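Q: what follows is a predicted structure for the sequence shown.
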Amino acid sequence: MEIDVLAPIRIASPIIDHLSNELRRRQFSVMSGRAVQAACDVDPATWDEFASCWNNLPQDKYMGDNGNYRFRRYSAFELDSAEGVLQQLPHAPYVQPSYINKLNGDIARHFEPLEQHFIDNPFLSGLLLSLAQVFDKVEGDSGKWNIRLHPYRIRASSHVPGNPTPEGLHRDGVDYIVTMMVRRHNVAGGETYITDVAGKLMCRYTLTDPMDLMLADDARTMHGVTKVLPYEAKREAFRDVLVIAYTRTQA
């Protein structure tokens, strides 16, 4: 199904250039939410509508650690960056090989797809198109991308911490991986760390504000996130992020 991208909220060209240059030079890039918001000029109502989609994520029933703290959906898309055409692929199970995901690998995980109002939000289509531009510049050419979207909510309590990356330090087996902060509510922790393929630390950064953005070359880095706990034990605590995986399918 082709997605209507007539009025996407794109990131401005100078920021596209900055992200691609950093990614080429360091294999990762981090940008504050304030800078992202200024670069795409998304209005508060559009962002609030987008962020509200995390309030209706089903529980992940496939946790190899038997945890009940993760909530998610999943959908896949194809983007022809040369033509600017974004298409939603037929819904299918999400499968990773066990050498990539030691906790949940080699399992066909049947997650609920993204809701239509999530897909139709102009911030999402603009973000996907803009990120493809970043990666095109790194690759030196435009083409087709397979894009996998994973909105996550990680809940935490004083008895059970939330674990954003229960598989530990890992790769996702794709070309580029993106994490965007959507909302942190009453949580401490959740520091992202990036290493090279040998495990040498390259970056530590805590995504704290809406639209805080982190990009990494998944073939040349690994990443993980520390556990989260509530600041106030008796209040609801959660961490909402959008993880996006890009894999080149055709030059």
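A: Perfect, I can see it now.
Q: not counting its neighbours along the chain, what's nearest residue 115?
A: Of all residues not flanking residue 115 in the chain, residue 53 sits nearest, at 6.3 Å (Cβ to Cβ, 6 or more residues apart in numbering). To be clear about C-beta, it is placed using only N, CA and C from the backbone, and glycine gets the same treatment.
Q: hang on, I meant residue 105
A: Nearest in space to residue 105, with sequence neighbours left out and distances taken as Cβ to Cβ, 6+ apart, is residue 98 at 3.1 Å.
Q: run a quick neighbour tally on the one you found.
A: Residue 98 has 11 neighbours, counted by other Cβ atoms under 10 Å.
Q: what do you get for residue 83?
A: Neighbours of residue 83 using other Cβ under 10 Å come to 9.
Q: can you check residue 153 too?
A: The burial count for residue 153: 23, using other Cβ under 10 Å.
Q: what pLDDT does the residue in the chain sticking out farthest from the centre get?
A: In the chain, counting by Cα atoms, centre = their mean, residue 234 sits farthest out from the average C-alpha position, at 28.8 Å. The score at residue 234 is 87. That number is its pLDDT.
Q: now do the contacts for it.
A: For residue 234, the contact set (Cβ atoms under 8 Å, 6 or more residues apart in numbering) is empty.
Q: from residue 120, how far out is it?
A: Here residue 234 is placed at a distance of 37 Å from residue 120 (Cβ to Cβ, to the nearest Å).
Q: next one: residue 169
A: With Cβ to Cβ as the criterion, residue 169 and residue 120 are 36 Å apart.
Q: mind checking how far residue 14 is from residue 24?
A: 16 Å.
Q: same check on residue 212?
A: Applying Cβ to Cβ, the value for residue 212 to residue 24 is 21 Å.
Q: correct me, but the residue nearest to residue 105 touches residue 167?
A: No. Between residue 98 and residue 167 there is no contact under Cβ atoms under 8 Å: 10.5 Å.
Q: point out the other helices and strands that the one helix or strand residue 249 maps to packs with.
A: Here residue 249 is covered by strand 238-250, with elements defined by DSSP states H and E. On a contact count with 3 or more Cβ pairs under 8 Å, 6 or more residues apart in numbering; DSSP states H and E, strand 238-250 meets helix 122-139, strand 144-155, strand 176-185.
Q: could you dump those into TSV with mean pLDDT and distance to residue 219 added?
A: Output for the helices and strands packed on strand 238-250, formatted as TSV (pLDDT from 0 to 100; distance: least, Cβ to Cβ, whole Å):
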stretch	mean pLDDT	distance to residue 219
helix 122-139	95	11
strand 144-155	98	15
strand 176-185	98	9
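Q: how many neighbours does residue 52 have?
A: 14.
Q: now the helices for this structure?
A: Using DSSP state H, the helices of the chain run over 13-26, 33-40, 44-51, 116-119, 122-139.
Q: most neighbours per residue, which of these?
A: helix 122-139 (a mean of 21; mean count of other Cβ atoms under 10 Å).
Q: alpha carbons of that helix, as CSV, please.
A: Taking Å, rounded to 0.1, in the frame of the first residue of the first chain, the C-alpha atoms of helix 122-139 are listed here in CSV:
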residue,chain,number,x,y,z
PRO,A,122,3.1,13.6,8.3
PHE,A,123,5.9,13.7,10.8
LEU,A,124,6.5,9.9,10.3
SER,A,125,6.6,10.0,6.5
GLY,A,126,8.9,13.1,6.6
LEU,A,127,11.2,11.4,9.1
LEU,A,128,11.5,8.3,7.0
LEU,A,129,12.2,10.2,3.8
SER,A,130,14.7,12.5,5.5
LEU,A,131,16.6,9.6,7.1
ALA,A,132,16.8,7.9,3.7
GLN,A,133,18.4,11.1,2.4
VAL,A,134,21.0,10.9,5.2
PHE,A,135,21.8,7.3,4.4
ASP,A,136,21.8,7.9,0.6
LYS,A,137,24.5,10.6,1.1
VAL,A,138,26.6,8.2,3.2
GLU,A,139,26.2,5.5,0.5
